[in-house]
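Asker: Got a predicted structure plus its sequence, pasted below:
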Amino acid sequence: MAALTTAGVLALGLTSCGATSGDSGATSDASASASVEAPVELTQASFVEELAAAQSEAATVHMTMTYSGKGAEAAGLAGAPLEADVDISDPENPAMAMQMDLEGEATDMILADGDFYMSMGESTSGKFLSLAEAGESDNPMAALFQGMGDVMQSSLKDMDPAAQLQGMDGAITSFEKTGTEAVDGVETDVYTILVDATKMTGPQVDDLPEDALAEVGEMEIVYYVDEDDLARKLELTMGSGAEELVMSSMFSGWGEPVDVAAPTGDQLITLDEMMADVAG
């Protein structure tokens, strides 16, 4: 779950970054009688800046992720769609509600008020486990949940598009507009970008071992960007052969209200209660 959550956040973050920073490339005609800006094709210099600004303004999005490739099949991820509503209107306190079905087990996760809550179907009696509370308990399993919470907190500690931009600076090895395509009835421009994971910096990778990034190597990211500079679709490919993992993400509802609230009262279960139910 920690890996899946990190991957989901990476996909969202990549909608606001992906090239080196620079001038937006927009031009104006001082002699024009009306102030009308013509659409400007994104370039490697303007790509990140324009997408980051659009995402910051929208602040909310619904995303759907699916995994494929031999690596996904080996990990049991193939055919396990993930749905999430995300709110980054306050980048220092992001909120997310995520649902997925992994090997037939429904799993829900909520990030709210700085804490992660996880519901794993029968394993948690249909209730939510607070990872922060579980990590502080005396139960022998506490360290596992504390570790999961630490990984996910690290992956989400800074979703500010500007910070994401800085993290991608210098990691791009190739940038190319590769066509146009309609996504859910919306016309998009398609951009194919290669990213060297070992050159990434910032909160997305700060706590990841260097050897893990080296194993990821170069990632191919294909963006489908609408006229408002918002990503409608993203396809990320890492690894090759038996290790290949393809993550496909669809984005919709940019700027629409989302309702993410932390579970309370009888919606919660403690780690001791969960382990007692499992043992019983």
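Answerer: Here it is on my side, so go on. These numbers were taken from a predicted model, which means no experiment stands behind them. Residues are numbered from 1 along each chain as shown.
Asker: This protein: helices as residue ranges?
Answerer: Remark: helices assigned in the chain by DSSP state H are 2-14, 47-58, 70-74, 131-135, 142-156, 161-168, 210-216, 271-279.
Asker: Comparing the ones you listed by mean pLDDT, which bottoms out?
Answerer: For the helices of the chain, mean pLDDT drops lowest on helix 2-14, to a mean of 49.
Asker: any weak-confidence spans in the stretch 1-150 of the chain?
Answerer: The model of the stretch 1-150 of the chain has pLDDT under 70 over residues 1-40, 102-104.
Asker: one more time with 80
Answerer: Within the stretch 1-150 of the chain, the segments meeting pLDDT under 80 span 1-41, 48-49, 71-72, 74-80, 91-92, 101-106, 147-150.
Asker: any chance you could map the strands in it?
Answerer: Per DSSP state E, counting those that start in this stretch, the stretch 1-150 of the chain carries strands over the ranges 60-68, 82-87, 95-102, 105-112, 115-119, 128-130.
Asker: Remind me what the last one packs against, helices and strands.
Answerer: Strand 128-130 sits against strand 115-119, strand 268-269, with contacts defined as 3 or more C-beta pairs under 8 Å, 6 or more residues apart in numbering; DSSP states H and E. C-beta here means a position set from N, CA and C on the backbone, and glycine is covered the same way.
Asker: List the contacts of L194.
Answerer: L194 makes contacts with 172-175, 218-221, as judged by C-beta atoms under 8 Å, 6 or more residues apart in numbering.
Asker: Sort out which of these are buried, if you could.
Answerer: Applying 16 or more other C-beta atoms under 10 Å to the contacts of L194, the neighbour count classes 172, 175, 218-219, 221 as buried.
Asker: which of those residues lies closest to S123?
Answerer: Nearest to S123 among the buried ones among the contacts of L194: M219, at 32.8 Å, using C-beta to C-beta.
Asker: Is that closest one bridged to anything, and to what?
Answerer: Under DSSP bridges, the beta-bridge partners of M219 are V195.
Asker: hang on, it packs against M238?
Answerer: Yes: the pair formed by M219 and M238 meets the contact definition of C-beta atoms under 8 Å, at 4.8 Å.
Asker: which residues are common contacts for the two?
Answerer: Between them, M219 and M238 share the contacting residues A197, judged by C-beta under 8 Å, 6+ apart.
Asker: Deepest in the core, which of the helices and strands packed on strand 128-130 is it.
Answerer: Of all those, strand 115-119 has the most neighbours on average by mean count of other C-beta atoms under 10 Å, namely a mean of 23.
Asker: who does that strand pair up with?
Answerer: Assessed with DSSP bridges, strand 115-119 is paired to strand 105-112 (antiparallel), strand 128-130 (antiparallel).
Asker: so which of the ones you listed is the most packed in?
Answerer: strand 128-130 (a mean of 22).
Asker: List the neighbours of that strand that are in contact with it.
Answerer: With C-beta under 8 Å, 6+ apart as the test, strand 128-130 has contacts from 108, 110, 115-120, 145, 263, 267-271, 274.
Asker: Pick the one among the buried ones among the contacts of L194 closest to V86.
Answerer: Distances from V86 to those, taken as C-beta to C-beta, are shortest for I221 (18.5 Å).
Asker: Can you show me the CA trace of stretch 238-256 as PDB?
Answerer: Provided in PDB are the C-alpha atoms of stretch 238-256 (Å, rounded to 0.1, in the frame of the first residue of the first chain):
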ATOM      1  CA  MET A 238       9.500   2.200 -16.000                       C
ATOM      2  CA  GLY A 239      11.700  -0.800 -16.200                       C
ATOM      3  CA  SER A 240      11.700  -3.300 -19.100                       C
ATOM      4  CA  GLY A 241      11.100  -6.900 -19.900                       C
ATOM      5  CA  ALA A 242      10.000  -8.900 -16.800                       C
ATOM      6  CA  GLU A 243      10.500  -5.700 -14.700                       C
ATOM      7  CA  GLU A 244       8.300  -3.400 -16.900                       C
ATOM      8  CA  LEU A 245       5.600  -1.500 -15.000                       C
ATOM      9  CA  VAL A 246       3.200   0.700 -16.800                       C
ATOM     10  CA  MET A 247       1.000   3.100 -14.800                       C
ATOM     11  CA  SER A 248      -1.800   4.800 -16.700                       C
ATOM     12  CA  SER A 249      -3.700   7.700 -15.000                       C
ATOM     13  CA  MET A 250      -6.800   9.500 -16.100                       C
ATOM     14  CA  PHE A 251      -7.700  12.900 -14.700                       C
ATOM     15  CA  SER A 252     -11.100  14.500 -14.500                       C
ATOM     16  CA  GLY A 253     -13.100  17.000 -12.400                       C
ATOM     17  CA  TRP A 254     -10.300  19.500 -12.200                       C
ATOM     18  CA  GLY A 255     -11.400  22.300  -9.900                       C
ATOM     19  CA  GLU A 256     -14.600  20.600  -8.800                       C
END
